[in-house]
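Asker: I would like to see how this sequence folds:
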Amino acid sequence: MHGDPEFTLLGDAVWLDFVNTAPASPGARDLLPNLAAYHRWTKAGKLVSDAEQVTLDEVRRLRRHLVALAEALHEERQPRASNIEAINQILGRLPGHHQLTRVKGAWSTRFHFDRQPLALEAIARSAASTLSEPLTRVRQCAAEGCGLFFADRSPSHSRRFCSALTCGKRLRIERRRGDRLSPTV
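Answerer: Below you'll find the predicted structure:
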């Protein structure tokens, strides 16, 4: 987890860090209330900021689609076509071309980008990458009051917490306290 005091950046997937800026429950605050906050978030995530080229409505619209996508993947449901279309619409902005390359002795085609992706493009690429990785599961933190989404790449897909150092540790401490408080027979 990155130490940015304003944003929780888990480092699992850029798009999930973006999703985690949305209010997780009624009454929770939106971490991207304006384009200035979005710009700070892109810089915290080491992305090329596009805050001067996009509208707050566009940022929030993509985030709503990605929140719905994260929820669907967490619940192991197929995502809505509109969520995929939102990703493809952003990906369609990336200029580039296919390039033939040799990888491990075999020829392969790869898409070569003509410039570094801007923040919304990098977010869309991150979501597309997660969707195309069959061994990655999207989970929502099981710690009470957390609700952050993360990418579970563990071999058994048994990861339950966004961070073993914060949410996982908090649960272990609560269990130990409960064990000490429970009567012994």
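Asker: mind listing the helices for this structure?
Answerer: If you assign secondary structure with DSSP state H, the helices in the chain sit at 14-19, 35-44, 56-74, 81-91, 119-131, 169-181.
Asker: And Arg61, how far from Arg159?
Answerer: As judged by C-beta to C-beta, to the nearest Å, Arg61 and Arg159 stand 30 Å apart. Every C-beta, even on glycine, is put in place using the N, C-alpha and C of the backbone.
Asker: So for these two, which residue has more residues nearby?
Answerer: Comparing Arg61 with Arg159 by other C-beta atoms under 10 Å, the one with more neighbours is Arg159, at 18 against 13.
Asker: How many residues are close by the residue lying closest to the more buried one once chain neighbours are set aside?
Answerer: Leaving aside its sequence neighbours, Arg159 sits nearest to Asp152 (C-beta to C-beta, 6 or more residues apart in numbering; 4.3 Å). Close neighbours of Asp152, defined as other C-beta under 10 Å, add up to 16.
Asker: how about Asp152, what does it touch?
Answerer: Residues counted as contacts of Asp152 (C-beta atoms under 8 Å, 6 or more residues apart in numbering) are 136-139, 158-159.
Asker: now do 7 Å
Answerer: Asp152 makes contact with 136-137, 139, 159 under the criterion C-beta atoms under 7 Å, 6 or more residues apart in numbering.
Asker: Arrange those residues in JSON lines, one row each, with distance to Val14 and pLDDT as further columns.
Answerer: Shown next, in JSON lines, are these (distance: C-beta to C-beta, whole Å; pLDDT from 0 to 100):
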{"residue": "Thr136", "distance to Val14": "13", "pLDDT": "93"}
{"residue": "Arg137", "distance to Val14": "17", "pLDDT": "95"}
{"residue": "Arg139", "distance to Val14": "17", "pLDDT": "95"}
{"residue": "Arg159", "distance to Val14": "18", "pLDDT": "91"}
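Asker: Narrow these to those in strands?
Answerer: Per DSSP state E, strands hold the following members of the contacts of Asp152: 137, 139.
Asker: Show me where the protein dips below the pLDDT cut-off.
Answerer: Within the chain, the stretches with pLDDT under 70 are 1-4, 168-185.
Asker: Leaving out sequence neighbours, find the closest residue to Cys146.
Answerer: Excluding the flanking residues, the one nearest Cys146 by C-beta to C-beta, 6+ apart is Cys167, at 5.2 Å.
Asker: mind listing what that neighbour touches?
Answerer: Taking C-beta under 7 Å, 6+ apart, we find Cys167 in contact with 141, 143, 146, 161.
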